[in-house]
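Asker: here is a sequence with its predicted model. Questions after.
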Amino acid sequence: MGWLVCALDAATLTAKLDRDIISVGESATLSLEFQGGSPSAAPNLAGPQGLAIQYAGQSSQYNIVNGQVSASVSLNYLITAQRVGDYAIPAIQVQVGGQVLTSQPLKLRVVKSDVPTVGGNNSSLQVAFLKLWVPKNEVYLGEVLPIEIRLYCHGGQRAQEPQVQPLQSDGFTVGKSIPPQQTQVQFSNQVYNLVFYKLSVTPVRTGKLTLGPAEGRLTLLIPQNNPRPRRDPFDLFGSPFDPFGPRMEARPLSLTSEPQTLTVLPLPTENVPPGFNGAVGNFSLSAHAGPTNVAVGDPITVKVQVTGRGSWDTLTLPATEWGQNFKAYPPTSKFESNDPLGLEGTKTFEYVITPQMADIKAMPPVSFSFFDPEQKAYRNLQPSAIPLVVRPTAASTMPPSLAGNPGPERQNAPLPQDIINIKARLGMVTAIQPPLARQSWFIALQGVPLLTWLLVFGWRKYAENLSRNPRLRRQRTVERLIANGLRDLRRQADGQEAEAFYATVFRLLQERLGERLDRPASSMTESVLEEQLRPQGVPEETLSLLHDLFQRCNQARYAPMPMDKELRQLLPKVEAALESLRSLKPNLS
Amino acid sequence: MEAGILKSGLGLFKCLIASLLSLFLLPEGVVWADDLATGFDQANKLYAEGHYPEAISAYQKLLQTGKTSAALYYNLGNAYFKSGQIGRAIAYYRLTQNLNPRDPDLRANLQFARNRANAGFSAQTSRWRGFLQGMTLNEWTLVSMAFGWFWAALLTLRRWRDSLKSVLAGYTATIGIAWLVSLALLGLKIQAEFGHTPAVVVVREATVRYGPLEESRSFYTVLEGAEVEVVDRQDNWLQIRDASRRTGWLRRDQVIVVGSGGQTR
């Protein structure tokens, strides 16, 4: 299907064919679509010899998009092929208003018809039949072939629900297909309704391969008695439920086409271009790069476009030898098609390369080779090299194969030809494990200095509090003295050291009393018991105990006895006395 | 007297740091080194004789003990390179880089292998990143730890003795700032290491797909030696991002992950 546009101010003319390949006797519809204006009358078209062009009528269409109304008018012409051949429908000039709009020429190919003769013995063949149409029977391996499955139904026969099954295609890969289209064709004064399915196939092995047969079905509507002619001659597939028509019987009909035998030729093995990687079709190549004035290491985007017709899925460019002068990233590709079957279009390959040297004058050439089945020969496309200007940078003076900061002697050294040899010594051995920063024990270990600081901080606080409180300090000192003193008493009792024993008892009592009463320890005597303790309500029992101890100490001091067996028995009394004094409230005066 | 305490305190701290470094950086088991050294020498002998596949097997056997060294990874990279497995050579050079990034032999061999692979690696890296790559993650961790402990020790000394406060004020401030800076650098290093999981393609050609399935449509092809970044994982597939920032899925067995800590596939 070809269409081209010529625009002049607001009015546009679009010429298109609904089919660009038809058989002899078939018809294609040429539509001249006008937008923004329409001619006052349909122009008379005279086609080349072999084509009969007949005006078929006019149609209008209105579109409302975002509140904008646009109207188009189509003038339709039926082109009937009378002879096999390739035809060029010339440019059509039409006057619209005061302007002349001109379309570009179109191409129509007419091939030999393989429609069976109407009026044969098989009545169903007269009514409906299925054809598998291929443009040619000899193809090359990898060549994409557009084919059609055509379902014909006699114009006088009502039918509905035409459908075809997936095509049997052993040895082929089936490409895209487009939704079925519908038209009318004329053979020998007989009109047929045609539903055709377009798709593409590609042979994947050589030899004689069979395509199809195609299978389809439709439902014939057979009138039961006195059938009335159709009310609408253009009602191709009417409804059995027409309340004003005769009663219809729906009769399903299965159709099978003849298979097509294709000879798949291998690609020639002679004169195969070095970079050929299997592309078959007809292509052109263009290459663009930008920016072309860069510094060493700056990226350059290279776009290579392959345009034409062929098989695109497997089409790739051969690897370009970028060499040491460029670093290249793997390319990305994008395909855009203006063809419903995806046979024609443009595939764009985009590379990003970075020059590594400052003396590069041009990009390495990009080439593409393919096999042209029409010319039956290989072709190699290589656009001219793209010139580049590469400016040096400070880093570009370093040889690219040496990283880091080599010494002065390395800057002038030739490029290495091989890797540096292995290490002779095993060196430091570590376990294969996550790094320290991810190991919980290591993270926990970082709490040690904090803990240490907290401990020191706490200790200093304690020391400072202690220094600000002399009573507390004395209290702590006395506690230590009494603890040590009691240990001494036990030892002295065991050793029967009566003099030392009683001296220690006396000292401990003095210290405890002095601390409690906030008086010098040396000033503590027995008289303190009556003067200080009794008024404070110290229990009589405690006072008696203390008196007893003091008197024993005095006696030991002034009338010592060489042996005293009561020392051990006295020890609990001393402890009890000291403990009872501890519970005495300190004198805060 | 304060000067004497300070001197002894600093001396003690130096000993502490030296001990920490010895504890974490020196062989974790000197006993192991002897066992590995014998196998290492045998593998080196195979390499010297040109029996590269056997040398590779011998080096890999050493790795299976769970211990490694920079020299072991390096030699394994060399053996793979000699065997023509450029992708694996680059992978093991990258693993060596995790342990000893400053080795000039390693940097030369890695660059040589990258040039040989010509898989599109960009040697351009920011100066900042290059600075961070100059030390391993463990080294950055220990430097930061040393500054931190030193600073904590100074604070503790100042707390312990008021007379040392003025003497140590300048040192404390300096070491404190140094610790904060080292901590920031460590954070950047951790982000660089753990925020990016590098991997190397080790098959001749790997097809990157749109999804983690064999049936997924092909996106593009990466060559052996291409260095990519792993962004996600699913079953046996890794989602990778290449130097052109294209994201797709590769089979796990087609790459070797070369993150920190000597991680391999």
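Answerer: Cool, got the structure. Residues are numbered from 1 along each chain as shown, chains lettered A, B, ... in the order given.

Asker: ranges for the helices of the chain?
Answerer: No chain specified, so I'll use chain A. Taking DSSP state H as the criterion, chain A contains helices spanning A:123-127, A:408-411, A:440-445, A:447-467, A:470-494, A:498-517, A:527-528, A:540-558, A:567-582.

Asker: meant chain B actually
Answerer: Going by DSSP H, chain B shows helices at B:2-25, B:30-48, B:52-63, B:70-82, B:86-99, B:104-117, B:127-133, B:137-160, B:164-194.

Asker: the residue nearest to the spatial centre of chain A and chain B: what is the separation?
Answerer: Geometric centre of chain A, nearest residue: residue A:332, 14.2 Å, by C-alpha atoms, centre = their mean. Note on residue A:332: its distance to chain B, by C-beta to the nearest C-beta, to the nearest Å, is 6 Å. C-beta here means a position set from N, CA and C on the backbone, and glycine is covered the same way.

Asker: please name the nearest non-neighbouring residue to that residue.
Answerer: With sequence-adjacent residues excluded and distances taken as C-beta to C-beta, 6 or more residues apart in numbering or on different chains, residue A:332 is closest to residue A:350, at 5.1 Å.

Asker: OK, contacts around that neighbour?
Answerer: With contacts defined as C-beta atoms under 8 Å, 6 or more residues apart in numbering or on different chains, the neighbours of residue A:350 are A:301, A:302, A:303, A:304, A:331, A:332, A:333, A:334.

Asker: ok, of the residues you listed, which one's closest to residue B:177?
Answerer: Set against residue B:177, the nearest of those by C-beta to C-beta is residue A:301 (45.8 Å).

Asker: for that closest one, give the beta-bridge partners.
Answerer: When bridges are taken as DSSP bridges, the partners of residue A:301 come out as residue A:290, residue A:352.

Asker: wait, isn't residue A:18 in contact with residue A:182?
Answerer: No. With contacts counted by C-beta atoms under 8 Å, residue A:18 stays clear of residue A:182, the gap being 9.7 Å.

Asker: who has more neighbours, those two?
Answerer: Neighbours were counted for residue A:18 and for residue A:182 using other C-beta atoms under 10 Å in any protein chain shown; residue A:18 has more, 17 against 13.

Asker: please read off the pLDDT at that one from the model.
Answerer: On pLDDT, residue A:18 comes in at 85.

Asker: same check on the one 10 residues further on?
Answerer: In the predicted model, residue A:28 carries a pLDDT score of 86.

Asker: so where is the chain shaky, pLDDT-wise?
Answerer: Looking at chain A here, since you left the chain open. Screening chain A residue by residue with the criterion pLDDT under 70, one finds the ranges A:1-9, A:65, A:113-126, A:187-189, A:224-246, A:318-319, A:330, A:393-416, A:560-565, A:586-589.

Asker: sorry, should have said chain B
Answerer: Low-confidence segments of chain B, defined by pLDDT under 70, span residues B:1-33, B:118-126, B:261-265.

Asker: between helix B:104-117 and the strand of greatest length in it, find me the angle.
Answerer: Determined from DSSP state E, the single longest strand within chain B is strand B:227-234. Here strand B:227-234 runs at 80 degrees with respect to helix B:104-117, directions being taken by axes from the mean of the first three to the mean of the last three C-alpha atoms, to 10 degrees.

Asker: strand B:227-234 pairs with which strands, parallel or anti?
Answerer: Assessed with DSSP bridges, strand B:227-234 is paired to strand B:197-201 (antiparallel), strand B:237-241 (antiparallel).

Asker: okay, buried residues for it please.
Answerer: Buried residues in strand B:227-234, counted by 16 or more other C-beta atoms under 10 Å in any protein chain shown: B:227, B:228, B:229, B:230.

Asker: the last one touches residue B:198, doesn't it?
Answerer: The reference is to residue B:230. Yes. Contact criterion C-beta under 8 Å: residue B:230 and residue B:198 qualify, at 7.4 Å.

Asker: name the nearest residue to whatever residue of chain A ends up closest to chain B, ignoring sequence neighbours.
Answerer: With distances taken as C-beta to the nearest C-beta, chain A approaches chain B most closely at residue A:449, which sits 3.2 Å away. Closest residue to residue A:449 in three dimensions, ignoring its sequence neighbours and counting by C-beta to C-beta, 6+ apart: residue B:152, at 3.2 Å.

Asker: count of neighbours near that neighbour?
Answerer: Residues near residue B:152, counting by other C-beta under 10 Å, number 21.

Asker: all strands for the stretch 251-400 of chain A, in order.
Answerer: For the stretch 251-400 of chain A, the strands defined by DSSP state E, counting those that start in this stretch cover A:260-265, A:281-290, A:293-295, A:300-310, A:326-328, A:332-337, A:344-355, A:368-372, A:377-381, A:389-391.

Asker: go through the ones you listed and name the closest to residue B:42.
Answerer: strand A:326-328 (39.0 Å).

Asker: list the strands paired with the closest one, with their directions.
Answerer: Strands that pair with strand A:326-328, judged by DSSP bridges, come out as strand A:344-355 (antiparallel).

Asker: what count of nearby residues applies to the nearest residue to residue A:129 once chain neighbours are set aside?
Answerer: Using C-beta to C-beta, 6+ apart and skipping residues adjacent in sequence, the residue nearest residue A:129 is residue A:152, 5.3 Å away. Look at residue A:152: counted by other C-beta under 10 Å, it has 24 neighbours.
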